[in-house]
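# Task: produce atomic coordinates for the following.
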Amino acid sequence: MGKFGAIGGTVFVLLVVLGVVFTGCTKIDQTEFCIETRFGKVVDEHMNTGMALTVFSEATCFPLVDVNFPALGGTETIDAQTADPVTVTGDVGVVYAYDPESVNRVFIAKRTPAAAEIEILNAIREGYRTALAGWTVEDIFSVRRAALSDSVQAHIQRKLGDLAEIKRAYVRDIRIPKTIEDARIGAVAQAQVLDSTLKRFAIDSVAARATIIRAQAEAEATRLRGAAYAATPALVQLEIAKAMADGIARACAGQTITTCVIGGSVMDVNRRP
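Numbers count the residues shown, from 1 in each chain. The predicted model follows:
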């Protein structure tokens, strides 16, 4: 019985040792940058991939993949003042990543990824507000709108320094106070009416100018004909002869006219019954 008891005790000790070993191990993924500390002191600045024995130490790991903030594809709703100034509300999303070259400095400064994320959030908020302070409401809703996200990204990165790299910034669904939105829509509608009026005025001006040019051309043609007649009296007689011939031709025209006699002031026209 004592022998079996000793064997059982040995097995128990082995199980305890194995339990300590397995529970004291940390799995290091290749998508992580892990730093090992013992009683707060860094003992390994970059732990190798695989299983690491951390019975008397602790592994702090930072992701090396792109991180979405907020997580799960959400957005951070932030209020900011424009250059007008008008308070607008925007939904901001950011994709960031840690630089393997600076992870150790981040760890020394923040110690945990959660503490680093808090500073990233603060940088996002301040960077967004700083960027919007250089934009007017008109700019935001103009063709420049496409550059707003780039401006926000640059301001966030400048505030963040080398704590992390901002890969992309998204600014969506910017909302302004209703009174200002209504005024902006009204101004756009008025601008469209003004543009239409100016275009119609331009068209009418061109048409009026064309009428004036035609009238001037006709007046000039009449003047030239008068000058020609004055210089050459024979032309007047020619025009008279042409007019008379045309009148006679019209007077004697028609299928029912058989005889047309024109002379003096008497014109006899015989028509077939």
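
# Strands of the stretch 101-250 of the chain, residue ranges please.
Using DSSP state E, counting those that start in this stretch, the strands found in the stretch 101-250 of the chain span residues 165-175.

# Can you report how many residues neighbour Y96?
If you count neighbours by other Cβ atoms under 10 Å, Y96 ends up with 22. The way it works is simple: take the backbone N, C-alpha and C, and place the C-beta from them, glycine included.

# That one should be in a helix, yeah?
No - counting by DSSP: H, G, I helix; E, B strand; the rest coil, Y96 is not part of a helix but strand.

# how about low-confidence regions in the stretch 101-250 of the chain?
Across the stretch 101-250 of the chain, the ranges flagged by pLDDT under 70 are 178-194, 229, 235-236, 243, 247-250.

# Try it again at 90.
101-106, 108-111, 113-114, 117, 120, 135, 137-146, 160-163, 171-250 (pLDDT under 90).

# Now do the helices in the stretch 151-273 of the chain.
Assigned by DSSP state H, counting those that start in this stretch, the helices in the stretch 151-273 of the chain fall at 178-231, 233-251.

# do the stretch 1-150 of the chain as well
Going by DSSP H, counting those that start in this stretch, the stretch 1-150 of the chain shows helices at 2-23, 103-110, 113-132, 137-140, 148-160.

# Who are the packing partners of the fourth one?
So the one you mean is helix 137-140. Under the contact criterion of 3 or more Cβ pairs under 8 Å, 6 or more residues apart in numbering; DSSP states H and E, helix 137-140 touches helix 178-231.

# V65 reaches Q30, doesn't it?
No - using Cβ atoms under 8 Å, V65 is not in contact with Q30, being 10.2 Å away.

# tally of neighbours for V86?
By other Cβ under 10 Å, the burial measure for V86, its neighbour count, is 15.

# my guess is it meets F141, correct?
No - if you go by Cβ under 8 Å, V86 and F141 don't touch, sitting 11.6 Å apart.

# Go ahead and flag the most central residue of the chain.
Nearest to the mean C-alpha position of the chain, by Cα atoms, centre = their mean, lies A146 at 3.3 Å.

# Would you mind listing the buried residues in stretch 160-168?
L160, L163, A164, I166 (16 or more other Cβ atoms under 10 Å).

# Equivalent analysis for stretch 61-77, please.
Neighbour-count burial for stretch 61-77 flags C61, F62, L64, V67, F69, T75 (criterion: 16+ other Cβ under 10 Å).

# Residues in contact with that stretch: which ones?
The contact list for stretch 61-77 (Cβ atoms under 8 Å, 6 or more residues apart in numbering) reads 28-29, 31-35, 89-98, 100, 103, 106-107, 113, 116-117, 120-121, 124-125, 167, 170, 172.

# redo that, cut-off 6 Å
For stretch 61-77, the external contacting residues (Cβ atoms under 6 Å, 6 or more residues apart in numbering) are 31-34, 91-98, 103, 113, 167.

# can you check stretch 27-35 too?
47, 49-52, 59-62, 64-65, 100, 103, 107.

# with those in mind, which one is nearest to D246?
V65 (97.1 Å; Cβ to Cβ).

# phi, psi of that closest one?
Note on V65: backbone dihedrals following degrees, to the nearest 10 are phi -90, psi 170.

# The residue nearest to the centre of the chain and T54: what is the separation?
For A146, the distance to T54 equals 49 Å [Cβ to Cβ, to the nearest Å].

# okay, who's weakest in the contacts of stretch 27-35 by pLDDT?
Least confident entry in the contacts of stretch 27-35, by pLDDT: A52, with 79.
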